[in-house]
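Participant: just the structure for this:
(2 chains)
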2 protein chains.
Amino acid sequence: MTDAERASRPGGRTARVRADVLAAVEAELAEQGYDGLTIDAIAARSGVHRTTVYRRWKTVAGLLVDLLRAGLDDSWEPADTGSLEGDLISLNREVYAALAARPSVTQAVIAASFRTPEAAEALTAFWSDRYSRSEAVVRRAIARGELPSTTNAHQLLMTATGPIYHQLVLLRQPMPRATADHYARAAAAVGMSGLGSRHA
Amino acid sequence: MTDAERASRPGGRTARVRADVLAAVEAELAEQGYDGLTIDAIAARSGVHRTTVYRRWKTVAGLLVDLLRAGLDDSWEPADTGSLEGDLISLNREVYAALAARPSVTQAVIAASFRTPEAAEALTAFWSDRYSRSEAVVRRAIARGELPSTTNAHQLLMTATGPIYHQLVLLRQPMPRATADHYARAAAAVGMSGLGSRHA
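Facilitator: Predicted coordinates for the structure are as follows:
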């Protein structure tokens, strides 16, 4: 195999370089925040030559955008626990864990989205994809007969997760994990009451 | 009356200067965003001498912090419509109007809170005060017998307003105003079902 072949095959050197660099972006972002990110520190941490990082990603914003794009390619799916309430609790615990972590990569990416339009666009695309995948939770609940077939899936997911984002990101107030479970139960109850299909 | 007396009495010149400057901050913030704010432009717009603005507020961040502090001193109270659902719909429409406005001072202040720690602290204090005043909605509903006395007021308000903030601020996706009403109805239903007192 030539170097060129090795570099271009999936999972080959190009993919490894990207994985190493993006892992370094995550670690630096969590430790330093967006303001502290430098291409030199990311290159040093990843062991990838700085010239390679500059050539491929150009700017710190470019690195962040690629980190979010990598999330679009991953295999994440919402947990299938067998019930609407269980699925929403699982989802809310993931959201809670990502936002309450210290340091939190998610919080750092959100902060970056208020500084760089490219980061804002990439984050919007990332969340749009995640919420779209999460609608499987609602489809399964409809199939089980837990929810009316006219349920507005997006609104149900926003009812579950919105309060956690608001409290931990915008209000910047701590929240016990049990409260994340509460918002999941509340959203499940709204959906099961049929109220969730009014604006379907 | 001496100038000194006029300047120090409530509603006097000092208060008028502050009101003029803060109105200019709001207008500039909405038009230019936080990055475009300059003390010179605010001075010019308000008709207050730039030396006065520099002496009293020192920095752009200081102006923003004072704008939020002025909100703590105002007389805002949640509307009293006679029902929990009506009060929450009214509250959600206010939140929606503030976030969906183009330009939106609220969105600009939120963006600023991710750039300046002083703005973040001032915004946290502002919201803490607003949500605390909004708990009157829950107290009235308890008094009317619409809600159990053990209802967690903060969680109920977060259930109503959280999804609007999440969608319009973080997800950066448009939302019809009717959806704000839906989240208010959903929160009222959760509270009236008794689910809202689990973690009271």
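Participant: how about the residues of chain A by chain B?
Facilitator: A:110-111, A:114-115, A:120, A:124, A:127-128, A:131, A:155, A:158-159, A:161-167, A:169-173, A:176, A:178-179, A:182-183, A:185-186, A:189-190, A:193, A:195-196, A:198-199 (C-beta under 8 Å from any C-beta of the partner chain). Yep, even glycine has a C-beta here, placed from its N, CA and C like the rest.
Participant: could you find the closest non-adjacent residue to residue A:52?
Facilitator: Spatial nearest neighbour of residue A:52, chain neighbours left out: residue A:17 (6.8 Å); criterion: C-beta to C-beta, 6 or more residues apart in numbering or on different chains.
Participant: quick one: mean pLDDT over the helix or strand hosting that neighbour.
Facilitator: Using DSSP states H and E, residue A:17 sits within helix A:13-32. Across helix A:13-32, pLDDT averages out at 91.
Participant: from the chain's centre, how far out does it sit?
Facilitator: Offset of helix A:13-32 from its chain centre (C-alpha atoms, centre = their mean, to the nearest Å): 16 Å.
Participant: hmm, who's touching it?
Facilitator: A:3, A:6-8, A:36-37, A:41-43, A:45-48, A:52-53, A:56-57, A:63-64, A:66-67, A:70, A:101, A:103-105, A:108-109, A:112 (C-beta atoms under 8 Å, 6 or more residues apart in numbering or on different chains).
Participant: show me which of the residues you listed are buried.
Facilitator: A:37, A:41-43, A:45-46, A:48, A:53, A:57, A:63-64, A:66-67, A:70, A:104-105, A:108-109, A:112 (16 or more other C-beta atoms under 10 Å in any protein chain shown).
Participant: what about these, which are in helices?
Facilitator: Secondary structure from DSSP state H places A:41-43, A:45-46, A:53, A:57, A:63-64, A:66-67, A:70, A:105, A:108-109, A:112 of these in helices.
Participant: ok so, going back, quick one: the residue nearest to residue A:52 from residue A:119, how far?
Facilitator: Using C-beta to C-beta, to the nearest Å, residue A:17 is found at 22 Å from residue A:119.
Participant: who has more neighbours out of the two?
Facilitator: Neighbour tally, residue A:17 and residue A:119, criterion other C-beta atoms under 10 Å in any protein chain shown: the higher count belongs to residue A:119, 23 against 18.
Participant: could you chop chain A up by domain?
Facilitator: Per automatic domain parsing, the domain ranges recorded for chain A read A:3-58, A:75-193.
Participant: pull out the buried residues from stretch A:13-23.
Facilitator: For stretch A:13-23, a neighbour-count test (16+ other C-beta under 10 Å) marks A:17, A:18, A:21, A:22 as buried.
Participant: quick check, nearest of those to chain B?
Facilitator: Of all those, chain B sits closest to residue A:22, with 22.1 Å by C-beta to the nearest C-beta.
Participant: ok, back up a step: return the most buried member of the domains of chain A.
Facilitator: Comparing the domains of chain A by mean neighbour count (mean count of other C-beta atoms under 10 Å in any protein chain shown), domain A:75-193 ranks first with a mean of 19.
Participant: quick one: mean pLDDT over it.
Facilitator: 95.
Participant: endpoint to endpoint, it covers what distance?
Facilitator: Across domain A:75-193, the terminal residues are separated by 32 Å (C-alpha to C-alpha, to the nearest Å).
Participant: now that domain, how far from the chain's geometric center?
Facilitator: 10 Å.
Participant: measure the residue lying closest to residue A:142 once chain neighbours are set aside to chain B for me?
Facilitator: What sits nearest to residue A:142 in space, not counting adjacent residues and going by C-beta to C-beta, 6+ apart, is residue A:149, at 5.3 Å. Computed as C-beta to the nearest C-beta, to the nearest Å, the residue A:149 to chain B distance reads 18 Å.
Participant: which stretch of helix or strand covers residue A:149?
Facilitator: With DSSP H and E as criterion, residue A:149 is part of no helix or strand.
Participant: test my guess that it contacts residue A:143.
Facilitator: No. Using C-beta atoms under 8 Å, residue A:149 is not in contact with residue A:143; the gap is 9.3 Å.
Participant: mind naming the longest helix for chain A?
Facilitator: Using DSSP H, we find that the single longest helix of chain A is helix A:117-143.
Participant: quick one, that helix and helix B:105-113 angle?
Facilitator: Relative orientation of helix A:117-143 versus helix B:105-113 (axes from the mean of the first three to the mean of the last three C-alpha atoms, to 10 degrees): 110 degrees.
Participant: ok, then the element right after helix A:117-143?
Facilitator: Note on helix A:117-143: by DSSP H and E, the next helix or strand toward the C-terminus is helix A:153-165.
Participant: identify the residues contacting that following helix?
Facilitator: By C-beta under 8 Å, 6+ apart, the list of residues contacting helix A:153-165 from outside reads A:88, A:91-92, A:95-96, A:99, A:131, A:134-135, A:137-139, A:147, A:175, A:179-180, A:183-184, A:186-188, A:190-191, A:196, A:199, B:155, B:158-159, B:162-167, B:170, B:179, B:182-183, B:186.
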